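>>> Sequence plus predicted model, see below.
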Amino acid sequence: MDFFDKWWIYALVGVIFLYVLAQSLTALIKAVRQAKKLGFSKTQIREVISSSAIFSIAPSMAILISLLLLSKVFGPWVAGLRLGTLGAVTYELPAAINVIEGAFQADINGVLTSEMVVTALWVMTLGCVPPLLLVPFFYKKISARFDAIKEKTLHGKIF
């Protein structure tokens, strides 16, 4: 796995993490400004920010556990990049296991070649694309179904 211990991997992951953090900070600043325009007090804004931070702890723990699992396959930097930007362990780990054990007939806990790891990363990345393409095309249909479910629930009928 020494192919993941190159300087350019650290630089690439660092740049991507900085970009994601900058996006988050920009969204926070814009939200605070908008809240002030709408007349929220500083205390209310602080309470919303702190409660949001508290409620993000549980998902962060799941991501941390996922990071530990994926780090065994991809190393901490690439695993952190996957989970910190677009991945979810419910998808990432099974995809990696299926590629390495299915396509290469290798044990996920054994010695992995760069070909195995890169192939698994491509499968994981390309597997994230269909939902991004399907949702815009089927949003109205999906939304209508959710509205129908809400309507049934509001009138006391669950199904």
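Looks like it came in fine.

>>> Endpoints of stretch 106-113, how far apart?
Start-to-end span of stretch 106-113 (Cα to Cα, to the nearest Å) is 10 Å.

>>> Which positions within it qualify as buried?
Within stretch 106-113, the residues that count as buried by 16 or more other Cβ atoms under 10 Å are 108, 112. C-beta coordinates here come from the backbone N, C-alpha and C atoms, glycine included.

>>> so where's the longest helix in this structure?
helix 7-37 (DSSP state H).

>>> which strands and helices sit next to it?
Using 3 or more Cβ pairs under 8 Å, 6 or more residues apart in numbering; DSSP states H and E, the elements in contact with helix 7-37 are helix 42-55, helix 57-85.

>>> tilt between that helix and helix 57-85?
Here helix 7-37 runs at an angle of 130 degrees relative to helix 57-85 (axes from the mean of the first three to the mean of the last three Cα atoms, to 10 degrees).

>>> how far out from the middle of the chain is helix 7-37?
How far helix 7-37 lies from its chain's middle: 15 Å, per Cα atoms, centre = their mean, to the nearest Å.

>>> for it, what is the average pLDDT?
Averaging pLDDT along helix 7-37 yields 92.

>>> That helix relative to helix 42-55, how many degrees between them?
140 degrees.

>>> tell me which residues in helix 7-37 are buried?
Buried residues in helix 7-37 (16+ other Cβ under 10 Å): 13, 32, 35.

>>> Those into JSON lines, with extra columns for distance to Thr85?
Shown next, in JSON lines, are the buried residues of helix 7-37 (distance: Cβ to Cβ, whole Å):
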{"residue": "Val13", "distance to Thr85": "10"}
{"residue": "Val32", "distance to Thr85": "24"}
{"residue": "Ala35", "distance to Thr85": "27"}
